[in-house]
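**Student:** I need the structure of the sequence given here:
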Amino acid sequence: MNRFLLSLGVLLTIVGQAVQAGQLPLTVNEISLMLRTGYSSATLMKELSTRHFVDVIDETKEKTLLNFGASAELIAALKSGAYSLSAEKTAAVLQQMAAVEEKRAVQAELSRKSDARYQAQVTRERSMNAPQSGGSAGAVPDFLKGDLVQYRNGSVVHFDDAALANKKLIAVYFSAHWCGPCRKFTPQLVEYYNRVAPQHPEFEIVFYSNDRSPADFETYMRETNMPWPAIDFGKLKGKQALAKDAGPGIPSLVLFDSNGTLISSSYAGSKYRGPQQVLADIDAIFAGKMPGRFAAAQ
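**Tutor:** Coordinates of the predicted model:
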């Protein structure tokens with residue numbers, strides 16, 4: 001028994017070192033992902049010769065691999081056990097992999113709680129600083145004059161105020177790099193903007209950051225390749241009137257006309273409609289089906 005425990009301890013130490021080096025044996029899910037990202041079957045077989053395989057190929061998994069371009073030779077090798085570890089080593093690897101997943105889950109939960117605390121802090125600050133009356137920020141281009149920047153060619157540069165002067169529809173996008181749902185939605189918004197904005201020069205989006213620091217603010221713009229201007233991070237406290245109708249959570253879109261009249265928002269009272277609903281309202285406006293408040297302002 002002592003010899004067995006010593007052997008298992010050595011195995012776990014070796015596996016732990018493999019985890020730190022990012023060289024754990026592969027599973028079907030990992031092989032599928034590698035195939036999707038461009039690895040060839042031949043390259044994967046070389047990888048398997050050093051990292052080995054800890055999984056079982058059934059009919060469903062075989063179909064998955066074939067759908068992602070696995071060769072018949074790769075499938076046959078996996079099914080034959082050519083890259084498999086011994087039962088003892090496999091048990092040690094699976095134990096270590098379970099520990100790694102548990103650690104990741106704990107870290108993800110800690111991150112989620114941290115984000116929730118920050119979101120609550122942002123909500124409190126908005127509530128404390130938002131105007132108590134029903135008034136707006138006034139003419140949006142004038143309200144933002146001199147305070148807009150844009151990420152271009154690796155740096156944040158001043159945005160030309162004249163480019164905003166003739167906009168009739170301005171959507172303010174409340175978002176942050178730390179927010180998972182925001183990072184999921186932002187690429188969709190970038191695609192929408194790049195498709196729609198050239199056809200509708202009267203339309204603009206302005207980014208209102210809920211990031212924790214200027215560095216996070218710039219990283220978010222760079223990583224998502226935001227094509228629209230943003231309120232300078234250092235000027236955000238003076239622009240909180242724009243957040244009056246943004247609701248307590250992000251991502252959120254608030255659509256104004258150029259005079260600052262609210263047209264559409266991700267929130268209807270306390271109900272979260274989502275930014276996609278605001279995009280639907282924008283599409284309706286472009287199609288000539290203007291919401292009543294916007295039509296009355298024309």
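**Student:** Could you look up the SS state of residue 160?
**Tutor:** Following DSSP: H, G, I helix; E, B strand; the rest coil, we place residue 160 in the coil state.
**Student:** Next, count neighbours for it.
**Tutor:** Other residues near residue 160 number 11, with proximity taken as other C-beta atoms under 10 Å. C-betas here are computed from N, CA, C, even on glycine.
**Student:** next one: residue 277
**Tutor:** Neighbours of residue 277 using other C-beta under 10 Å come to 16.
**Student:** just the helices in the stretch 1-150 of the chain please.
**Tutor:** In the stretch 1-150 of the chain, the helices defined using DSSP state H, counting those that start in this stretch lie at 2-20, 28-36, 41-51, 59-67, 72-80, 87-129, 140-144.
**Student:** Flag every buried residue along the fourth one.
**Tutor:** Counting neighbours by 16 or more other C-beta atoms under 10 Å, one finds that the buried residues in helix 59-67 are 61, 64, 65.
**Student:** How about the last one?
**Tutor:** Of the residues in helix 140-144, those buried by neighbour count under the rule 16+ other C-beta under 10 Å are 140, 141, 143, 144.
**Student:** With the third one instead?
**Tutor:** Residues of helix 41-51 classed as buried by neighbour count (16+ other C-beta under 10 Å): 41, 44, 45, 47, 48, 51.
**Student:** what residue ranges in the stretch 51-200 of the chain score low on pLDDT?
**Tutor:** For the stretch 51-200 of the chain, applying pLDDT under 70 flags the ranges 108, 111-112, 114-138.
**Student:** The closest residue to residue 64 other than its chain neighbours: how many residues sit nearby?
**Tutor:** Nearest residue to residue 64 in three dimensions, chain neighbours excluded: residue 32, at 5.7 Å (C-beta to C-beta, 6 or more residues apart in numbering). Close neighbours of residue 32, defined as other C-beta under 10 Å, add up to 18.
**Student:** if I look at residue 32, how far off is residue 65?
**Tutor:** Distance, residue 32 to residue 65, by C-beta to C-beta, to the nearest Å: 6 Å.
**Student:** Between these two, which contacts overlap?
**Tutor:** Common contacts of residue 32 and residue 65 (C-beta atoms under 8 Å, 6 or more residues apart in numbering): none found.
**Student:** now do the same end-to-end measure for stretch 82-93.
**Tutor:** 17 Å (C-alpha to C-alpha, to the nearest Å).
**Student:** repeat for stretch 53-67
**Tutor:** Using C-alpha to C-alpha, the end-to-end distance of stretch 53-67 comes out at 19 Å.
**Student:** Name the residues that touch that stretch?
**Tutor:** Surrounding stretch 53-67, the residues in contact under the criterion C-beta under 8 Å, 6+ apart are 25-28, 31-32, 35, 74-75, 78-79, 83-85, 90, 93-94, 97.
**Student:** hmm, back to that, quick one: which of the buried residues of helix 59-67 is nearest residue 193?
**Tutor:** residue 64 (35.1 Å; C-beta to C-beta).
**Student:** Run through who's touching whichever helix or strand residue 276 is part of.
**Tutor:** Assignment of secondary structure by DSSP states H and E places residue 276 within helix 275-286. Contacts to helix 275-286, defined as C-beta under 8 Å, 6+ apart, come from residues 169, 171, 173, 185, 188-189, 192, 196, 200, 203, 251-255, 263-266, 290-291, 294.
**Student:** Just the buried residues out of those residues, in ChimeraX syntax.
**Tutor:** Restricted to buried positions by 16+ other C-beta under 10 Å, the ChimeraX selection for the contacts of helix 275-286 reads:
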select :169,171,173,185,189,192,203,251,252,253,254,255,263,264,265,266,290,294
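**Student:** just checking, which of the contacts of helix 275-286 belong to strands?
**Tutor:** 169, 171, 173, 203, 252, 253, 254, 255, 263, 264, 265 (DSSP state E).
**Student:** now these as CSV including distance to residue 151?
**Tutor:** Shown next, in CSV, are the ones in strands among the contacts of helix 275-286 (distance: C-beta to C-beta, whole Å):
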residue, distance to residue 151
169, 22
171, 18
173, 14
203, 20
252, 21
253, 19
254, 22
255, 23
263, 27
264, 26
265, 26
